[in-house]
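**Student:** With the input below, show me the fold.
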Amino acid sequence: MTNFWSQRSAREKLIFFCCLLVGAVFLTSQGVVRPYEALLDSRQAEIQAKEIRLAKYERWAALSAARSNFGDSLEHVRATGGQEEEMSRFLKTVESMARESSIRVTDLKPLPVEQKDSYQEYQVDVQTEASQESLARFLYRLQTSPLFLSVPRFSLASTRGAAGDSRLRMSLTIARILLPAARGPTHRGS
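**Tutor:** You can find the predicted model right below:
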């Protein structure tokens, strides 16, 4: 073998080493790198599957918590008095939200209570004037209120304030749904 190797020229030896190097790189890539990449891909797929499962469990937990809070939420939706008393509370709530949001209510008018199949809908027509930030804060308070308020009508116009500053005039109707008052338990004589 040494005789064979010594008879080769430097160019043939270089070609042999290049072929040997290419073969080693090929075997390393096929025998080590590709299996390692496949292992990494399978681990990544497992991680993604577990993240999806975790997100699903988190949604289930949130729904479970929401269900447990649903009974508490219904207490905010159940009427506790007559229509006049409930409308008065609703008007005070809207005025309080407006005051906390630093908006000026220019007109606040209760609308007739609408009797639906299984609930009553109370509506208030509100005219306001304030800055953009204050109106955004007021709308956010309406949206996040535990009273399940909605805004079926909304309009917005730009105007100049007394000091010449830019103000927004908003006209909206705020609605609240109330379930009939809970009836007390009926007791039968024994």
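
**Student:** Poorly predicted segments of this structure, please.
**Tutor:** 1, 66-77, 161-164, 181-190 (pLDDT under 70).

**Student:** residues touching the residue positioned nearest the centre of the chain, list them.
**Tutor:** Geometric centre of the chain, nearest residue: residue 144, 11.5 Å, by CA atoms, centre = their mean. The contact partners of residue 144, by CB atoms under 8 Å, 6 or more residues apart in numbering, come to none. (Glycine included, C-beta is placed from N, CA and C.)

**Student:** Now do it against residue 97, distance only.
**Tutor:** 10 Å (CB to CB, to the nearest Å).

**Student:** Please identify the helix or strand for residue 107.
**Tutor:** Here residue 107, judged by DSSP states H and E, is contained in strand 104-110.

**Student:** List the buried residues in that strand.
**Tutor:** residue 105 (16 or more other CB atoms under 10 Å).

**Student:** Which elements pack onto that strand?
**Tutor:** helix 83-100, strand 120-130 (3 or more CB pairs under 8 Å, 6 or more residues apart in numbering; DSSP states H and E).

**Student:** Of the ones you listed, which is nearest residue 44?
**Tutor:** helix 83-100 (48.7 Å; CB to CB).

**Student:** Next, the angle from that closest one to strand 120-130.
**Tutor:** 30 degrees (axes from the mean of the first three to the mean of the last three CA atoms, to 10 degrees).

**Student:** What segments of the chain are strands?
**Tutor:** 104-110, 114-115, 120-130, 149-160, 166-178 (DSSP state E).

**Student:** name the helices or strands packed onto the longest one?
**Tutor:** I take that to be strand 166-178. helix 83-100, strand 120-130, helix 132-144, strand 149-160.
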